[in-house]
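Undergrad: give the three-dimensional model of this entry:
(one chain, ligands or ions: 2)
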Amino acid sequence: MSGDSSKTFYLETFGCQMNVHDSEKVVGTLVSEGYRQVETVEEADLVLYNTCSIRDKAEQKVFNRLNDYKKYQKQGKKFGVLGCVAQQEGEKIFERAPWVSLVAGSASYRNLPGMLKQLEEVEVESAQVEKARLEIAILEAGKSASRKPGVESLVRITGLGDRETDECFETEFTARTNPHRGYITIIEGCDKFCSYCVVPYTRGKERSRTSDSVLAEARQMADLGYTEIQLLGQNVNSYKDPARKPGGKKSFAELLAAVGDIPGIRRVRFTTSHPRDFGRDIIDAIDAVPTLCDHVHLPVQSGSTRMLDAMQRLYNREQYLERIAWMKAAKREISITTDMIVGFPGETESDFAETLSLLDEVGFDAVFAFKYSPRPNTPSISLEDAIPDEEKARRLEVLMARQREIQTRRYKKYIGTTCEVMVEGRNEARGQWMGRTSHNKTLNFTAATTPTMGRYVPVIVTGSFPNSLLGELVV
Ligand code: SAM
Ligand code: SF4
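TA: Ligands and ions are numbered 1, 2, ... in the order given. As a prediction, this is how the structure comes out:
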């Protein structure tokens, strides 16, 4: 169907930034194959879901959505499941949602054009078979018969990447929606095998892109007018250039600094860092290169060394705090954010108290906290999930309340200071503009003159909330 722009697709994305960026590549790939993206399921011939399986709730959301849209199968639409649920569940998805035609795991996107062609060819063949069946039925019945469309897809195409793959999903067809800031994947997969996590099973083993290809993509983005780049990976700190040449960029810190030095690039962010591999050289790079944002997301998961051991995180509380001390000694104040899991099997009140005390000790600028969710294939699935859901919910609430107090104090201290923000949006109802600081804080502001989207402007902070700042454009 290549070149036939009458073929339309709708794509919905669940999950993390990696998935959001994968979707940008999937959109680019489909458009290069002659498809046209549409805004609603109703308009689409092909409906795709890029899925997340990090927690059970995320996975349920995908199946609920597929159920909601089952009715459209009768209109001849085709459904495809992409991403981590596709990789994890594979062909079982066809049993659970028989109206699905395509299952493409996160490690198989390179084969997407081939899978689409197969889908179109089989589609044509099955339409012919259906037509022939109908004609026989009409002949046999000797009267007119109407086709009763079932909800079972006649076409089933599966693409499941192998965990051992060396392939990265690099494509020249990335369809970025934001014209000012964009993602670049530098490393795919994960070799850490934290005991609770599905990622090593869904995204395969770690594989870094060459620094040449990352830098070429970054330069190309700068030429197109992008000023902010976010380097992506499940564990960016274990980046290693697979084609290191003498004088080439080898480590993550070297690559980070090189991206920050590209003319036209004003901000570089990165996510996610793993404390075990987080080196002091990253702080040195932030100190040396002004375009590297003063924000580090360093997931800790728990403040208790006993729990960190059970989670197989490969560091203890003291080692985590050592990295925090490096950041606090940096030339610029670095904003620190983290992820936490409450209610991991065996977490006692005293382990949880250590997590709360870590909040006080570090003073995070944001915490993304989750109730432990047992996941298929992971080592911790064999542990008894003994902490009842109500208790997990209570701990989550206590943690977030404590963190809210910390953030309230931390955000307040910006009042009276001037922050540079990139203008990113407009809230008509409130008459405000939205921007983001280098610290990755949302700053909503009023302006006497209309600021230009994507521009960097100074804003004086006049108020604060636990999750955002308020201000006025400095003219
Ligand atoms: N690679 C990153 C790291 O090591 O922190 C993040 C990966 S994961 C997409 C994002 C967060 O989801 C993790 O940091 C963790 O807090 C949370 N998470 C992962 N598996 C989980 C599970 N089984 N139950 C609850 N939260 C989980
Ligand atoms: Fe999952 Fe751990 Fe890898 Fe992060 S480092 S993706 S939590 S296994």
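Undergrad: use CA for all of it now, contacts and neighbours both
TA: Noted.
Undergrad: what about stretch 301-316 and ligand 2, touching?
TA: No: Stretch 301-316 stays clear of ligand 2 (Cα under 6 Å from any ligand atom), getting no nearer than 6.9 Å.
Undergrad: list the buried residues in that stretch.
TA: 301-305, 307-308, 310-316 (16 or more other Cα atoms under 10 Å).
Undergrad: also stretch 191-202?
TA: Of the residues in stretch 191-202, those buried (16+ other Cα under 10 Å) are 191, 192, 193, 194, 195, 196, 197, 198, 199, 200, 201, 202.
Undergrad: name the nearest residue to the second one, sequence neighbours excluded.
TA: This points to residue 192. Distances taken as Cα to Cα, 6 or more residues apart in numbering place residue 200 nearest to residue 192, at 7.4 Å, with adjacent residues excluded.
Undergrad: got it, and the fourth one?
TA: Computed as Cα to Cα, 6+ apart, the closest residue to residue 194 that is not its neighbour in sequence is residue 312, at 5.1 Å.
Undergrad: ok, now which ones touch the one you found?
TA: Residues near residue 312 by Cα atoms under 8 Å, 6 or more residues apart in numbering: 193, 194, 195.
Undergrad: any idea which element the first one lies in?
TA: What it means is residue 193. Using DSSP states H and E, residue 193 maps to neither a helix nor a strand.
Undergrad: wait, it touches residue 202, no?
TA: No: between residue 193 and residue 202 there is no contact under Cα atoms under 8 Å: 11.4 Å.
Undergrad: I'd guessed the residue nearest to residue 192 sits against residue 234; true?
TA: No: between residue 200 and residue 234 there is no contact under Cα under 8 Å: 9.5 Å.
Undergrad: ok, of the buried residues of stretch 301-316, which one's closest to residue 287?
TA: Each of those was checked against residue 287 using Cα to Cα; the closest is residue 315, at 24.9 Å.
Undergrad: for that closest one, give its distance to residue 360.
TA: As judged by Cα to Cα, to the nearest Å, residue 315 and residue 360 stand 20 Å apart.
Undergrad: what's the distance between the residue nearest to residue 192 and ligand 1?
TA: Distance from residue 200 to ligand 1, counting by Cα to the nearest ligand atom, to the nearest Å: 10 Å.
Undergrad: does that residue belong to a helix, a strand or coil?
TA: helix (DSSP: H, G, I helix; E, B strand; the rest coil).
Undergrad: before we move on, the earlier item: adding distance to ligand 1 and pLDDT, write the contacts of residue 312 out as CSV.
TA: CSV is the format used below for these (distance: Cα to the nearest ligand atom, whole Å; pLDDT from 0 to 100):
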residue, distance to ligand 1, pLDDT
193, 9, 96
194, 8, 97
195, 8, 97
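Undergrad: show me the shaky parts of this protein.
TA: Along the chain, segments meeting pLDDT under 70 span 1-5, 122-155, 161-167, 247-249.
Undergrad: which parts of it sit against ligand 2?
TA: Residues of the chain lying near ligand 2 (Cα under 6 Å from any ligand atom): 190, 192, 193, 194, 197, 199, 200, 234, 235.
Undergrad: which of the residues you listed lies closest to residue 72?
TA: Looking across the residues of the chain next to ligand 2 and measuring by Cα to Cα, the closest to residue 72 is residue 199, at 31.5 Å.
Undergrad: sorry, back to before: helix, strand or coil for the residue nearest to residue 194?
TA: Following three-state DSSP, the label given to residue 312 is coil.
Undergrad: against residue 423, how distant is it?
TA: Residue 312 is 41 Å from residue 423, by Cα to Cα.
Undergrad: repeat that for residue 357.
TA: Taking Cα to Cα, one finds residue 357 at 36 Å from residue 423.
Undergrad: and the two? which has more neighbours close in?
TA: Applying other Cα atoms under 10 Å to residue 357 and residue 423 shows that residue 423 carries more neighbours, namely 22 against 15.
Undergrad: quick check: chain neighbours aside, which residue is closest to the more buried one?
TA: residue 435 is the one closest to residue 423 (Cα to Cα, 6+ apart), at 4.5 Å.
Undergrad: residue 424 is in contact with the one you found, correct?
TA: Yes: distance between residue 435 and residue 424: 5.1 Å, which falls inside the contact criterion (Cα under 8 Å).
Undergrad: tell me which element the closest residue to residue 297 other than its chain neighbours is part of?
TA: Spatial nearest neighbour of residue 297, excluding adjacent residues (Cα to Cα, 6+ apart): residue 337 at 4.7 Å. Per DSSP H and E: residue 337 is located in strand 335-342.
Undergrad: what does that strand rub up against?
TA: So strand 335-342 is contacted by 294-302, 352, 363-372, 392, 395-396, 439-440 (Cα under 8 Å, 6+ apart).
Undergrad: now do it: distance to the chain's middle.
TA: 16 Å (Cα atoms, centre = their mean, to the nearest Å).
Undergrad: what's the angle from the helix or strand following it to strand 335-342?
TA: Proceeding N to C from strand 335-342, the next assigned helix or strand is helix 349-362, under DSSP H and E. For helix 349-362 against strand 335-342, the angle by axes from the mean of the first three to the mean of the last three Cα atoms, to 10 degrees is 170 degrees.
Undergrad: next SSE downstream of helix 349-362?
TA: That would be, after helix 349-362 and using DSSP H and E, strand 366-371.
Undergrad: does that next one reach ligand 1?
TA: Yes: Strand 366-371 is in contact with ligand 1 by Cα under 6 Å from any ligand atom, via 370, 371.
Undergrad: what's the angle between that strand and strand 335-342?
TA: Going by the same axes, to 10 degrees, strand 366-371 makes 10 degrees with strand 335-342.
Undergrad: please save the CA atoms from stretch 293-306 in PDB.
TA: Extracted in PDB, the C-alpha atoms of stretch 293-306 (Å, rounded to 0.1, in the frame of the first residue of the first chain):
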ATOM      1  CA  CYS A 293      20.500  21.600  32.500                       C
ATOM      2  CA  ASP A 294      20.900  21.700  36.200                       C
ATOM      3  CA  HIS A 295      18.500  18.800  36.800                       C
ATOM      4  CA  VAL A 296      19.200  15.200  37.500                       C
ATOM      5  CA  HIS A 297      16.500  12.500  37.800                       C
ATOM      6  CA  LEU A 298      18.100   9.800  40.000                       C
ATOM      7  CA  PRO A 299      15.600   7.000  41.000                       C
ATOM      8  CA  VAL A 300      16.300   5.700  44.400                       C
ATOM      9  CA  GLN A 301      13.200   3.400  44.900                       C
ATOM     10  CA  SER A 302      13.700   3.000  48.700                       C
ATOM     11  CA  GLY A 303      15.600   4.700  51.600                       C
ATOM     12  CA  SER A 304      16.300   1.300  53.200                       C
ATOM     13  CA  THR A 305      19.400  -0.600  52.300                       C
ATOM     14  CA  ARG A 306      17.600  -3.900  53.200                       C
END
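Undergrad: how far does it sit from the chain's center?
TA: 18 Å.
Undergrad: right, is stretch 287-300 up against ligand 1?
TA: Yes: counting by Cα under 6 Å from any ligand atom, ligand 1 is contacted by stretch 287-300 at residue 299.
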